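In: Predicted model and sequence below, questions to follow.
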Amino acid sequence: MIDIAEKAAIDWWKAAFLPPSLGNSVFSFRGDKVTLVSNKVSGFLDQSGNGRDFIQTTDADRPTHTDNTLIFTTNEFLDGSAHIAAVTSLNTGTFITRVKRDSDSFVFPLTASEIGVDNRLMQTIRIPTDAVGSDEVQIIRQHGGASIGTDSVGAGLTHPNFFTISVRTNGSRYLLRSNGVNLTVGANDNGQWFNDVGGTLDTLLIGAFKFSAGNFFSEISLKGLDLYSDEKTDAEIAQIERFYLTL
């Protein structure tokens, strides 16, 4: 139970710092800024000032919402494909999100893909769980079509209930940070967000990504997600991590 003094301190921190204040925000989402229909999320409201809301008009595909958390299970996703150009133009950037993994594997909740023969997928994060319950972090640079490889780092990590994970790139290499721990990426690292060879990315989704044959879903609970067009420092990411703890 949070007492009045603790709540006042949390409210002060939330008012004193917001993730878009770090600059170069592409979009910024937090679990307490949504539109609801019957306790389901119809809109995830962009706090960056850019107006890049993600929406879902189909009731069956809307995530549920509780305790400032969006819960994606079997077929829920939010669509920001109208803003795909803001992502495909990035050469450098920082993703950061606070999530709870609700299944044995976790795919980073923001994905961009091409519906068609190659089914290209944005550089993404996956955390599989091995037989003994320890985790590693994977970067998948292309899923479907001609895959160009996966880097696995941080073997033996154990992620708690909710955790914060980020991936940064300067265009030539990645920096990963998982639950406050910086991780070194492996030999396959090329630091690119997208590999859109011979096609055009046309979907931008939170909670799932689309193949031409259907959807692949991440079973996750999501409290916050930010994307920047520059590479943030450890100190800046630590600020966002602290902010996410208030959600």
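Out: Received, thanks. Residues are numbered from 1 along each chain as shown.
In: any idea how far Phe163 is from Pro109?
Out: 13 Å (Cβ to Cβ, to the nearest Å). Where C-beta positions appear, they are placed from N, C-alpha and C, glycine not excepted.
In: Please enumerate the shared neighbours of the two.
Out: By Cβ atoms under 8 Å, 6 or more residues apart in numbering, Phe163 and Pro109 have these common neighbours: Val99.
In: More neighbours: which of the two?
Out: Pro109 (25 against 21; other Cβ atoms under 10 Å).
In: So that one sits against Phe72, correct?
Out: Yes - with contacts counted by Cβ atoms under 8 Å, Pro109 reaches Phe72, the gap being 7.4 Å.
In: Name the residues of stretch 225-235 that are buried.
Out: Leu225, Asp226, Leu227, Tyr228, Ser229, Asp230, Glu231, Lys232 (16 or more other Cβ atoms under 10 Å).
In: Now do the contacts for the closest residue to the third one other than its chain neighbours.
Out: On the basis of Cβ to Cβ, 6 or more residues apart in numbering, the spatially nearest residue to Leu227 that is not a chain neighbour turns out to be Val26, at 4.3 Å. Under the criterion of Cβ under 8 Å, 6+ apart, the contact partners of Val26 comprise Ser48, Asn50, Arg52, Ala86, Val87, Leu90, Gly93, Leu227, Tyr228, Ser229.
In: Include pLDDT and secondary structure when you put the residues you listed into TSV, please.
Out: Below are these laid out as TSV (pLDDT from 0 to 100; DSSP: H, G, I helix; E, B strand; the rest coil):
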residue	pLDDT	secondary structure
Ser48	97	coil
Asn50	97	coil
Arg52	98	coil
Ala86	87	helix
Val87	84	helix
Leu90	79	coil
Gly93	88	strand
Leu227	94	strand
Tyr228	95	strand
Ser229	93	coil
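In: Buried ones from those, can you make that a PyMOL selection?
Out: Burial among the contacts of Val26 is assessed by 16+ other Cβ under 10 Å; the matching PyMOL selection reads:
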select buried, resi 48+52+86+87+90+93+227+228+229
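In: Show me the beta-bridge partners of the residue lying closest to Ile55 once chain neighbours are set aside.
Out: In space, and not counting its chain neighbours, Ile55 is closest to Gly43: 5.0 Å by Cβ to Cβ, 6+ apart. Beta bridges link Gly43 to Thr35, Ile55 when assigned by DSSP bridges.
In: Next up, the contacts around Gly43.
Out: Val34, Thr35, Asp53, Phe54, Ile55, Gln56, Leu78.
In: ChimeraX command for the buried members of those?
Out: This is how ChimeraX selects the buried members of these, with burial counted by 16+ other Cβ under 10 Å:
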select :34,53,54,55,56,78
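In: What is the nearest of the contacts of Gly43 to Tyr244?
Out: Val34 (15.8 Å; Cβ to Cβ).
In: Look up the closest residue to that closest one, ignoring the ones flanking it.
Out: Val34 sits nearest to Val41 (Cβ to Cβ, 6+ apart), 4.9 Å away.
In: swap in Ser38?
Out: That would be Asp59: by Cβ to Cβ, 6+ apart, it lies 7.7 Å from Ser38.
In: looking at it, the one you found is touching Leu36, isn't it?
Out: No - using Cβ under 8 Å, Asp59 is not in contact with Leu36, being 11.8 Å away.
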